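coords below, sequence missing:
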């Protein structure tokens, strides 16, 4: 039974082999850090020693095999047992290297990280019945339709101006039109077409079309775009069911056709983001505050939805930039959850240090480009350095400040992100994370270039970049257990990093847009209306039920800007920073005044300065209060006494002086004639 790392318990057996003596064994290092597990060494478990694996599998114990190349062989051998088998690659990642003799601590670290269980990923279903719209500009679209006609329900839409001969037999519908807009995903595309027209059956040498109509709509499961024009979706290659190919590239067209042919049935897609609307700080009372996720989402899966945002899980491509940037943790990554990633980092760096490793470099990479590059470097080059610990993630853009700071807190000397030389998609979220982490590391005494990207598609360039890093050994390492929600994990990682920092500082200024900071209040202009308190989504702005008071709790502030945008006096400013004392500090009083006491019953109400200011502006200047002290005293009363006083004195709210007669154009003309 294949577990693929989602086992309920840690493997009790670990099988490592020298792969026919092409790499040294690290059995002693593994035993040192993986106490309680039986470590079995071999030379060729996948062939000549396969019986040893079968014997281990028959015992019913969970097994971790330090090999991924031959995982199908091991999975098949354990198929009829209750044994859970998982795999980890220590050959390309460590053993096949010019530093192989020094790679024992790294092998132990990779195995220790692989022992950590990974929770199941929630999924959603996409269903397609094969209804396909092929959008093209020439005969290429018709040729693609002929290839797919026996497999899918085809409709061809040709762009205006297409010059094609009519088919001898109408095997599938052909129309003409220009797609104005498209939305949806595999199984539920909605397309709006302008200049839409159907062909005339009498077409002879070329297709002739009837009168066109605008605004026609169509639904389809698969959208094959061979028009060669602008993509119909942002980050088009991330949209499930939307296949786009250059019509001048026959190989690309064929790949798209073959892929379209297989898109029928029901498919499972990971629900990459878990979203808690109650934590979202997008807006309050139609005033927009935080829009970080909206700015970063490459596919348009995130849209405003009242006070919160909505994430369409079907459109979401799993880049994770929203989760990395979300200041409250409302959007959290699930492949795997951030807590699981931190747990893996903890296990990896702790094992690396226990086995004698120093100057660890954490290399974050994705499972596609990164694995291929590391594999090529191991097979044709010098391999990874002994202190470079590769950490494969779903997308490097999912890495947030919590993982970066935790890596350094756990003892890493440097962190690098492996990206393509020409990234396929915007990495703005990753660059923001780096820009946020850099001033924190520098201010805490982590000198040098501790965090950066390596942008390359060349294995030798990757090797050179890693070997050129001037690592400083970590003086101390934390061992905290990462528990809590994403925001709590980030705060915890920062506090632990501060505790082991070479030169800890209490306050670290941060760049604009950072999710931590304080507010600066112009107290003279503040009227204590407390609009900011009602707008604050995290409770950072607070009040006092007993007297007019505005309090601020910095540890809860996410710098969403809603208090600043809501303030009618515009006396609030944001100041991004991290104050490491804020976690234990009391709420700070920004402004406090005495309440005004009702002159009739003595009940405190309102703000004293505000009531006095209103009285000063109205006394002797407004008709209602010009000659009546009793009327002015009403403002000095609480809401209950005010109603009673007005009833007792029989105030006429409509007793205003007669308004002057409206002046018309004739009045102005008459006055001008008199002058």
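Noted; the coordinates are in hand. A quick note: this is a predicted structure, and the numbers were derived from the prediction, not measured.

For residue 211, give me its contacts.
When contacts are counted by CB atoms under 8 Å, 6 or more residues apart in numbering, residue 211 touches residue 197. Using the backbone N, CA and C atoms, a C-beta is placed for each residue, glycine as well.

Can you say which helix or strand has it in it?
Using DSSP states H and E, residue 211 falls within no helix or strand.

With residue 346 instead?
Using DSSP H and E, residue 346 maps to helix 338-354.

Can you name the element that comes right after that helix?
Taking DSSP H and E, what comes next after helix 338-354 is strand 361-366.

name the helices or strands packed onto the following helix or strand past that following strand?
Heading C-terminal from strand 361-366, the first helix or strand you meet, by DSSP H and E, is helix 369-380. Applying 3 or more CB pairs under 8 Å, 6 or more residues apart in numbering; DSSP states H and E, one finds that helix 369-380 contacts strand 361-366, strand 388-393, strand 414-419, helix 459-467.

now the helix holding residue 346 against strand 388-393, angle please.
Interaxial angle, helix 338-354 versus strand 388-393 (axes from the mean of the first three to the mean of the last three CA atoms, to 10 degrees): 160 degrees.

Mind checking the pLDDT average for helix 338-354?
In this model, helix 338-354 has an average pLDDT of 96.

before we move on, what about stretch 77-86?
The average pLDDT within stretch 77-86 is 91.

how much distance is there from it to the middle of the chain?
The chain centroid and the centroid of stretch 77-86 are separated by 36 Å under CA atoms, centre = their mean, to the nearest Å.

List the buried residues for it?
For stretch 77-86, a neighbour-count test (16 or more other CB atoms under 10 Å) marks 77-78, 81, 83-86 as buried.

Let me have those residues in TSV, extended by distance to residue 235.
Shown next, in TSV, are those (distance: CB to CB, whole Å):
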residue	distance to residue 235
77	42
78	40
81	44
83	42
84	37
85	37
86	33
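
So what touches stretch 307-319?
For stretch 307-319, the external contacting residues (CB under 8 Å, 6+ apart) are 124, 126, 185-186, 188, 235, 238-240, 269-273, 275, 277, 280, 282-284, 293-294, 297-304, 322, 330-331, 335, 394-395, 397-398, 425, 429.

Inside helices: which ones of these?
In helices, judged by DSSP state H, the following of those are found: 293-294, 322, 429.

if we can go back for a sec, by contact count, what packs against the helix holding residue 346?
Helices and strands touching helix 338-354, by 3+ CB pairs under 8 Å, 6+ apart, are helix 27-33, helix 104-114, strand 388-393, helix 401-409, helix 486-500.

mind running it again at 6 Å?
helix 104-114, helix 401-409 (3 or more CB pairs under 6 Å, 6 or more residues apart in numbering; DSSP states H and E).

Show me where the stretch 151-300 of the chain has its helices.
Along the stretch 151-300 of the chain, counting by DSSP state H, counting those that start in this stretch, helices occupy 250-261, 292-296.

Tell me which of those lies nearest to residue 16.
Residue 16 lies closest to helix 250-261 among these, at 38.6 Å (CB to CB).

So what touches that closest one?
The contact list for helix 250-261, computed with CB atoms under 6 Å, 6 or more residues apart in numbering, reads 144, 147, 151, 222, 224, 243, 245-246.

List only buried entries from those.
Neighbour counting with 16+ other CB under 10 Å marks 144, 147, 222, 224, 243, 245 as buried within the contacts of helix 250-261.

Mind checking which of those are in strands?
Of the positions in the buried ones among the contacts of helix 250-261, 222, 224, 243 sit in strands, assigned by DSSP state E.

Contact partners for the last one?
Taking CB under 6 Å, 6+ apart, we find residue 243 in contact with 224, 256, 259-260.

Just give me the neighbour total for residue 324.
29 (other CB atoms under 10 Å).

Figure out the helix or strand that it lives in.
helix 321-325.

what's that helix in contact with?
Outside helix 321-325, the residues within contact range by CB under 6 Å, 6+ apart are 292-293, 296-297, 331-333, 397, 400, 429, 433.

how about TSV for the helices of the stretch 151-300 of the chain, with distance to residue 140 and mean pLDDT added?
Converted to TSV, the helices of the stretch 151-300 of the chain look like this (distance: least, CB to CB, whole Å; pLDDT from 0 to 100):
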stretch	distance to residue 140	mean pLDDT
helix 250-261	6	96
helix 292-296	36	96
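
any idea which of these is most buried?
Mean neighbours per residue, mean count of other CB atoms under 10 Å, is largest over the helices of the stretch 151-300 of the chain for helix 292-296, with a mean of 20.

any weak-confidence spans in the protein?
The model of the chain has pLDDT under 70 over residues 1-10, 620-629, 650-659.

And it, split by domain according to the record?
13-87, 128-268, 271-333, 345-505, 517-592 (automatic domain parsing).

First-to-last residue distance for the fourth one?
To tie it back to what came earlier, the one meant is domain 345-505. Distance between the two ends of domain 345-505: 25 Å, counting by CA to CA, to the nearest Å.

that older thread, wait, which of the helices of the stretch 151-300 of the chain is closest to residue 377?
Per CB to CB, nearest to residue 377 of these: helix 250-261, 27.6 Å.

So which of the domains of the chain is nearest residue 110?
Taking CB to CB, domain 345-505 is the member of the domains of the chain nearest to residue 110, at 7.1 Å.

tell me how far the closest one is from the chain's mean position?
Worked out by CA atoms, centre = their mean, domain 345-505 lies 18 Å from the chain centre.

and if you look at stretch 157-166?
42 Å.

mind putting the contacts of helix 321-325 in a markdown table, distance to residue 229 included?
Formatted as a markdown table, the contacts of helix 321-325 follow (distance: CB to CB, whole Å):
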| residue | distance to residue 229 |
| --- | --- |
| 292 | 32 |
| 293 | 29 |
| 296 | 26 |
| 297 | 24 |
| 331 | 33 |
| 332 | 37 |
| 333 | 34 |
| 397 | 28 |
| 400 | 37 |
| 429 | 29 |
| 433 | 35 |
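
which of the contacts of residue 243 sit farthest apart?
224 and 259 (9.0 Å).

Quick one: closest of the helices of the stretch 151-300 of the chain to residue 61.
For the helices of the stretch 151-300 of the chain, proximity to residue 61 was assessed by CB to CB; helix 250-261 is nearest, at 41.3 Å.

distance of residue 141 from residue 318?
Here residue 141 is placed at a distance of 31 Å from residue 318 (CB to CB, to the nearest Å).

And for residue 488?
Applying CB to CB, the value for residue 488 to residue 318 is 23 Å.

and the helices of the stretch 151-300 of the chain as CSV, adding distance to residue 353?
Formatted as CSV, the helices of the stretch 151-300 of the chain follow (distance: least, CB to CB, whole Å):
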stretch, distance to residue 353
helix 250-261, 46
helix 292-296, 35
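
Quick one: closest of these to residue 96.
helix 250-261 (31.8 Å).

re earlier: neighbour count for residue 141 and residue 318, which is higher?
Between residue 141 and residue 318, counted using other CB under 10 Å, residue 141 has the larger neighbour count: 24 against 21.

List the buried residues of the helix or strand hosting the more buried one.
Using DSSP H and E, residue 141 sits within helix 139-148. Using 16+ other CB under 10 Å as the test for burial, helix 139-148 gives 140-145, 147-148.

Next: stretch 21-36.
Under the neighbour-count criterion of 16+ other CB under 10 Å, stretch 21-36 has 23, 25-27, 29-34 buried.

export those to a markdown table and tack on distance to residue 571?
Listed next are the buried residues of stretch 21-36 as a markdown table, based on distance: CB to CB, whole Å:
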| residue | distance to residue 571 |
| --- | --- |
| 23 | 66 |
| 25 | 68 |
| 26 | 62 |
| 27 | 67 |
| 29 | 61 |
| 30 | 61 |
| 31 | 64 |
| 32 | 60 |
| 33 | 56 |
| 34 | 59 |
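
Wasn't residue 93 part of a strand?
No: under DSSP: H, G, I helix; E, B strand; the rest coil, residue 93 sits outside any strand and is assigned helix.

The closest residue to it other than its chain neighbours: neighbour count?
Once flanking residues are discounted, residue 93 sits nearest to residue 390: 5.3 Å by CB to CB, 6 or more residues apart in numbering. Residues lying near residue 390 (other CB under 10 Å) number 21.
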